[in-house]
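>>> could you work out the structure for the sequence below:
(chains A, B and C)
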Amino acid sequence: MTRSPLRDFIVGCFVLAGLGAIAYLSISVGGLSYGGPGGLNLYATFDQTGGLKPRAPVVIAGVKVGQVTSITLDQNARARVDLDLDKSLKIPTDTSASIVTSGILGDRYISLQLGGESEYLKPGDEISFTESAVILERLIGKLIHNTDTAPAKTEGQ
Amino acid sequence: MGPAAAVQELGWYALRFVDQLGKLTVFAAQILRALASPPVRVRVFVQAVFDVGVLSLIIICVSGTAVGMVLSLQGYNTLVRFGAEQSLGAVVGLSLIRELGPVLTALLATGRAGSATAAEIGTMVATEQLDGLRMMAVDPIDLVVAPKALAMTVAMPLLSALFITFGLFGGYLVGVGLMGIDGGTYMSSLQSAVDFRDDVLGSLLKALVFGGLVGLIATFRGFTSAPTSAGVSAATTSTVVVASVCILLFDYVITALWGV
Amino acid sequence: MNLTPDAAGADVHVALERVDMAFGDRQVFRGLSCAFAAGKVSVILGGSGSGKSTVLRLIGGLVRPQAGHIFVAGEDVTCLSERQLYGVRKKLGMMFQGGALLDSLTIYENLAFPLREHTSLDERAIAAAVHRRLDAVGLTDVDRLLPSQLSGGMLRRAALARAIILDPVIVLCDEPFSGLDPVSVKRIENLLVQINQRLGITIVLVSHHIASTMRMAEHVVLLLQSDDHHPGTTVVAGSPEELRQSSDPRVVAFLTDECDDGDARAADVAAGST
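Model prediction:
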């Protein structure tokens, strides 16, 4: 086969463009830059996860800092949610985790409210203060059947 | 035709299918062996990437943009009813990356490059060029078939990624430029919905599998075509039909197995 | 039935022994035996559909017989794997009916290709080797042309040049004269004889062109299909003279029938006028 500089150059450009597109999709769109290995692994237990899924984001003040890696049932029949957070974060021991919803019908995610302690959680520690998911249907049901308790429940949100 | 004859017919088709499948497997093994053993045919491979990839570039970019635009338009019209037009980026991005990108790219590449590959190899069979190579002690699978099949496999993820990128751009054009969604909202919805491992890697895996399928089917059909002009045209047609159906079937299988 | 079993006395270069060959349901040969002597021009004659070209493909190992043995330069090609066949094929040159040059490469690249594949010659040596063969077949200024830009006669000559590029000991030619004008026929015929005489290459060619066969062949193998009276594939072999004097009605019928062929007669006329 003969060499053809122009053809080789064009093919090179094509491969570069394709790899560029893959890189764009991976890094910019797919968010590859975040979520590398060796992150800060914590867990929290909840009474009710209400449709929280693995890979759901974990946010602090609305900024994504990590994600849910797995959701399992522990010995006490409560949901153990493992989190993978940015390694550079310092999470005080009195931090609380709550499962919240984006919008009314949106996806569930975990929001962390940082505490004020000067000691920080180490990898593998538990976030002990948790607030379970609010199930909208149950809430509405309670609202209909027992109007007195409903306002008290929603106040916690 | 009596029932016995119908059953006989069915049996004949089944046997022929198994026969073809067996031959395809042997053929695939021959391609792999040719790729693994010297000589390494870089020049021929580059030429094949040019034929398969570069020449499909325009149709891929134009189609990608058009599909992104129409997805954005349709998505917007549906989402706006629920007041969820902020999720437009996610809708366009996920449908392009998970499904439409790899599948449409593979279908377009089948029509553009797969048929051309089958026709080229079929013509070489019909004009005894492949026998000529054999008589010169050159393995036609090594020289002609393997580089083309590999080029298709390599080019497909690249083409698919370009298709998706152009699609996202087309979706952005319509969503932001025409429908007036905020550009930042579009991009952040896109970025938060798309995961690298589950969506982008899965998409590339699909494209890679489709590329291998199209490359294998196109070269197989060309290589085994009858040495006549009718044989070449039959090989071309059946490449497009068989490869398209295989792409759609494998798309389902991959999605079901790996949840891509 | 054979007039002479093979070219008596000479070394046998290619031999087929009791070969059965069928494509699907169609039986081409049954019990075909014939031999081609080293250093001679042998011609395989036969009606269309008699499997003449298949004989060449069998010799080259491109198709495998159902039964029987085929010896090429001392090796039984029916027992060799595809890889092992490559060793034998390097000693064979084949000129296909349509040329079978790679149509994406120029004539020069087509001829240089086998050298690049099988030798470690540098570019200058390759260029010299290619041009020597092109000169031998009387082609000049075709280096940069594609096969599709050549006329039928030039294409055959280019194919012949490629067939001898690796200095084979045997050249197989599939219908080298079909579809050519009488002048081109004569030219190819002379080239083949020259190659045979100067380089001592064994030539086995398949043809239905009786006039040229009778002029150039030293040994003729006539294939006759099996019929009710003659089961199995019959081979009548001998020198052109022996064939012409044969009293076998089938041989006589074949020679006279085919001589009525317009193509062949036109070639005769042309040959007489040059």
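>>> pLDDT weak spots in chain A?
Counting by pLDDT under 70, chain A contains low-confidence ranges at A:1-3, A:31-38, A:102-106, A:147-157.
>>> can you rerun that using 80?
Along chain A, the model assigns pLDDT under 80 to residues A:1-5, A:27-39, A:50-51, A:53-57, A:62-64, A:67, A:87, A:101-108, A:132-139, A:146-157.
>>> would you map out the domains in it?
When chain A is parsed with automatic domain parsing, its domains come out as A:1-33, A:40-155.
>>> gap between stretch C:138-150 and the chain center?
Between the centre of stretch C:138-150 and the centre of its chain there are 23 Å (CA atoms, centre = their mean, to the nearest Å).
>>> only alpha carbons, please: show that stretch as PDB.
Extracted C-alpha coordinates of stretch C:138-150, given in PDB (Å, rounded to 0.1, in the frame of the first residue of the first chain):
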ATOM      1  CA  GLY C 138       5.800  -5.100 -24.000                       C
ATOM      2  CA  LEU C 139       4.100  -2.600 -21.700                       C
ATOM      3  CA  THR C 140       5.600   0.900 -21.200                       C
ATOM      4  CA  ASP C 141       4.300   4.000 -19.500                       C
ATOM      5  CA  VAL C 142       1.600   2.200 -17.600                       C
ATOM      6  CA  ASP C 143       3.200   2.500 -14.100                       C
ATOM      7  CA  ARG C 144       0.700   5.100 -12.900                       C
ATOM      8  CA  LEU C 145      -2.400   3.700 -14.600                       C
ATOM      9  CA  LEU C 146      -5.100   1.800 -12.800                       C
ATOM     10  CA  PRO C 147      -6.200  -1.600 -14.100                       C
ATOM     11  CA  SER C 148      -9.500  -0.100 -15.200                       C
ATOM     12  CA  GLN C 149      -7.600   2.300 -17.500                       C
ATOM     13  CA  LEU C 150      -6.100  -0.500 -19.600                       C
END
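>>> the longest helix in chain A is where?
Ranked by residue count under DSSP state H, the longest helix found in chain A is helix A:5-23.
>>> what's the burial count for the spatially closest residue to C:Leu255 that is not a sequence neighbour?
Leaving out its chain neighbours, the residue that sits closest to C:Leu255 by CB to CB, 6 or more residues apart in numbering or on different chains is C:Ile210, at 6.4 Å. Bear in mind the C-beta positions are built from the backbone N, C-alpha and C, glycine included. By other CB atoms under 10 Å in any protein chain shown, 25 other residues sit near C:Ile210.
>>> and the pLDDT for C:Ile210?
Per-residue confidence (pLDDT) for C:Ile210: 80.
>>> got a list of what the closest residue to chain A within the stretch 101-250 of chain B touches?
As assessed by CB to the nearest CB, chain A sits closest to B:Leu158 within the stretch 101-250 of chain B, at 2.5 Å. Contact analysis of B:Leu158 by CB atoms under 8 Å, 6 or more residues apart in numbering or on different chains lists A:14-15, A:17-19, A:21-22, B:53.
>>> try 10 Å
A:14-22, B:49, B:53, B:57, B:60, B:105, B:204, B:207, B:211 (CB atoms under 10 Å, 6 or more residues apart in numbering or on different chains).
>>> tell me the secondary structure at it.
helix (DSSP: H, G, I helix; E, B strand; the rest coil).
>>> could you check how far it is from chain C?
24 Å (CB to the nearest CB, to the nearest Å).
>>> and that residue, how far from C:Ala158?
38 Å (CB to CB, to the nearest Å).
>>> just the terminal-to-terminal distance for stretch B:34-54.
Using CA to CA, to the nearest Å, one end of stretch B:34-54 lies 24 Å from the other.
>>> what residues sit buried inside that stretch?
B:34-35, B:41, B:44-54 (16 or more other CB atoms under 10 Å in any protein chain shown).
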